[in-house]
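Just need the structure, nothing else, for what follows:
(one chain, ligands or ions: 1)
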Amino acid sequence: MPTYFDTHAHYFDRKFDTLDGGAEELLNSPAFQSAVYGVINAGTNLINSQTAVDMTGKYSFMYAAVGIHPEDAQGLPDGTPMDPDTTLSALYDWVSDADRRKRDKIVAIGEIGLDYHWQPMDKDLQKVFFEGQLDIARRVGLPVLIHDREAHGDCFETVLKYPDVRGVFHGYSGSAEMARELVKRGWYIAFGGTVTFKNAERVRAVAASIPLDHLLVETDCPYMAPVPFRGKICHSAMLPYVGEVLAELHGVSAEEISRVTTENAKKLFDL
Ligand SMILES: [Zn+2]
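As a prediction, the model looks like this:
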């Protein structure tokens, strides 16, 4: 069976506690490990970014991304607001130390971006965090994981302001035209469980248009489990179901999707 590189996962999420043995038992299981080539465990604030990093020490296949998600930019779960200056300078101090970065297996800044779905939302504050983190990525030379939900135009315009920064648009839901412009500029486009959903014809059409050398796969687990696992807790060993659909869309074998998307991940994250 082909193995996959999951470029976007959240294994620190408390939802995994509802599994027998939690995330730990899953990640240690031989069945999981034989299906998974690599995983990027992506933080959404400074606290769980540290947890994401701590987990990488236990699993040879796991790497970390650290950053502030647009929803978390609105404040911590306990309601504490985050001061952008203090938070961004703490993040910069963390990732600018190359030795520490290597020790922590940090391969990207993420996940960062804009989310105009959830209300109430402070667009200006999201933009301060997004641009601040793109600037950090530029200064330290790390790729970024972009979260773009109902904010395609603003996300696209913002990344254009940082022409030296590269990365991946995760769980891509934008247009084929925008994807083409991103790919032209060296960006990667990632798809997950959504491509398997019955009503996702539009997403499948976009996925079919992405050149194979800029395509990545992801789960965004514990969320977005592919068909036939919808409603279950998602994990990286479900990626063959995503790979099968992408293979069909591109008219290649699943082995080929596995091979190219893994090569792309290794190249983008410098592994
Ligand atoms: Zn995510």
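
other SSEs contacting the longest strand along the chain?
Looking across the chain with DSSP state E, the single longest strand is strand 106-115. Identification of packing neighbours for strand 106-115 by 3 or more C-beta pairs under 8 Å, 6 or more residues apart in numbering; DSSP states H and E yields strand 36-42, strand 62-66, helix 84-96, helix 123-140, strand 144-149, helix 152-160, strand 167-170. Placement of C-beta: from N, CA and C, glycine included.

most neighbours per residue, which of these?
strand 167-170 (a mean of 28; mean count of other C-beta atoms under 10 Å).

Mind putting the helices and strands packed on strand 106-115 into TSV with distance to Ala200?
Shown next, in TSV, are the helices and strands packed on strand 106-115 (distance: least, C-beta to C-beta, whole Å):
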stretch	distance to Ala200
strand 36-42	22
strand 62-66	25
helix 84-96	34
helix 123-140	26
strand 144-149	15
helix 152-160	17
strand 167-170	16
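
Out of the ones you listed, the one nearest Cys234 is which?
strand 36-42 (12.4 Å; C-beta to C-beta).

Okay, now the sheet partners of the closest one, with direction.
The pairing partners recorded for strand 36-42 under DSSP bridges are strand 4-9 (parallel), strand 62-66 (parallel).

contacts for it?
The contact list for strand 36-42 (C-beta atoms under 8 Å, 6 or more residues apart in numbering) reads 3-12, 52, 55-56, 59, 61-65, 67, 107-108, 110-111, 145, 236-237, 239, 258, 262, 265, 269, 271.

Output the helix or strand following it as PDB, nothing but the C-alphas.
For strand 36-42, the following helix or strand on the C-terminal side (DSSP states H and E) is helix 46-56. Output of helix 46-56 as PDB, limited to C-alpha atoms (Å, rounded to 0.1, in the frame of the first residue of the first chain):
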ATOM      1  CA  LEU A  46       2.000  29.500  21.000                       C
ATOM      2  CA  ILE A  47       0.800  27.100  23.700                       C
ATOM      3  CA  ASN A  48      -0.300  24.200  21.500                       C
ATOM      4  CA  SER A  49       2.600  25.000  19.100                       C
ATOM      5  CA  GLN A  50       4.900  24.000  22.000                       C
ATOM      6  CA  THR A  51       2.800  20.800  22.500                       C
ATOM      7  CA  ALA A  52       3.100  20.100  18.800                       C
ATOM      8  CA  VAL A  53       6.900  20.400  19.100                       C
ATOM      9  CA  ASP A  54       7.000  18.300  22.300                       C
ATOM     10  CA  MET A  55       5.300  15.500  20.400                       C
ATOM     11  CA  THR A  56       7.800  15.500  17.500                       C
END
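
Now tell me what touches helix 46-56 from outside.
Contact partners of helix 46-56, identified using C-beta under 8 Å, 6+ apart, comprise 10-12, 23, 41-43, 62-68, 76, 87, 90-91, 104-106.

Any buried residues in it, and which?
Neighbour-count burial for helix 46-56 flags Leu46, Asn48, Ser49, Gln50, Thr51, Ala52, Val53, Met55, Thr56 (criterion: 16 or more other C-beta atoms under 10 Å).

State the distance from the first one to Val66.
Separation of Leu46 from Val66 (C-beta to C-beta, to the nearest Å) stands at 8 Å.

where do the contact lists of these two overlap?
Common contacts of Leu46 and Val66 (C-beta under 8 Å, 6+ apart): Leu91.

My read is that Gln133 contacts Leu88, right?
Yes - counting by C-beta atoms under 8 Å, Gln133 touches Leu88, with 7.0 Å between them.
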